[in-house]
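Q: I would like to see how this sequence folds:
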Amino acid sequence: MYNSSMERARFEQLANEVLENLPEPFRSRLANLAIIVEDSPPQEPYRGGLLLGLFSGVPRTLKSVFSADPPDHIFLYQKNIEAICSTDAQIERQIRDTLLHEIGHYFGLSEEELRNV
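A: Predicted coordinates:
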């Protein structure tokens, strides 16, 4: 378990670096998407362990060009990520893995499809 908390600004910077390092074909298709870092989810709806991140919105595969959708959100839960990591390097990897997983949902992939990637 991580003994202290990472500065929020550093945590957010690491998430931004993940986005900046996405291959261009993916990065250029991210639109109307906000990445939000919170301490923890308002409630723990996930029964398989700690919820590390959550995509909230309409996957791109279901969007219509004829409707104006509100922004989609990806939430990263800092305290939960820190709870399963023991070093800064592990936190960095987990931010990357969690954010990429949630971006997969943004692009319309299911949990099963993401497990098999």
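Q: Now do the contacts for the residue nearest in space to the middle of the chain.
A: Centroid-nearest residue in the chain: residue 99, 3.1 Å away (criterion: C-alpha atoms, centre = their mean). Listed by C-beta atoms under 8 Å, 6 or more residues apart in numbering, the contact set of residue 99 reads 15, 18, 19, 35, 53, 74, 76. Backbone N, C-alpha and C define where each C-beta goes, glycine included.
Q: Can you report how many residues neighbour the first one?
A: Taking other C-beta atoms under 10 Å as the criterion, the count of residues near residue 15 is 21.
Q: what sits up against the helix or strand where it lies?
A: Here residue 15 sits within helix 8-20, counting by DSSP states H and E. The contact list for helix 8-20, computed with C-beta under 8 Å, 6+ apart, reads 27, 30, 35, 37, 76, 78, 91, 92, 95, 96, 99, 100.
Q: re the thing from before, could you work out the most separated pair of the contacts of residue 99?
A: 19 and 53 (13.4 Å; C-beta to C-beta).
Q: any chance of the contacts of helix 8-20 in a markdown table, plus distance to residue 116, secondary structure and pLDDT?
A: Below are the contacts of helix 8-20 laid out as a markdown table (distance: C-beta to C-beta, whole Å; DSSP: H, G, I helix; E, B strand; the rest coil; pLDDT from 0 to 100):
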| residue | distance to residue 116 | secondary structure | pLDDT |
| --- | --- | --- | --- |
| 27 | 23 | helix | 89 |
| 30 | 23 | coil | 91 |
| 35 | 25 | strand | 95 |
| 37 | 28 | strand | 97 |
| 76 | 23 | strand | 97 |
| 78 | 28 | helix | 96 |
| 91 | 26 | helix | 93 |
| 92 | 25 | helix | 93 |
| 95 | 22 | helix | 95 |
| 96 | 19 | helix | 93 |
| 99 | 19 | helix | 94 |
| 100 | 14 | helix | 93 |
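Q: Please pick the buried ones from these.
A: Neighbour counting with 16 or more other C-beta atoms under 10 Å marks 30, 35, 37, 76, 78, 91, 92, 95, 99, 100 as buried within the contacts of helix 8-20.
Q: Report the two of the residues you listed separated the most.
A: Of all pairs in the buried ones among the contacts of helix 8-20, the most separated under C-beta to C-beta is 30 and 91 at 22.8 Å.
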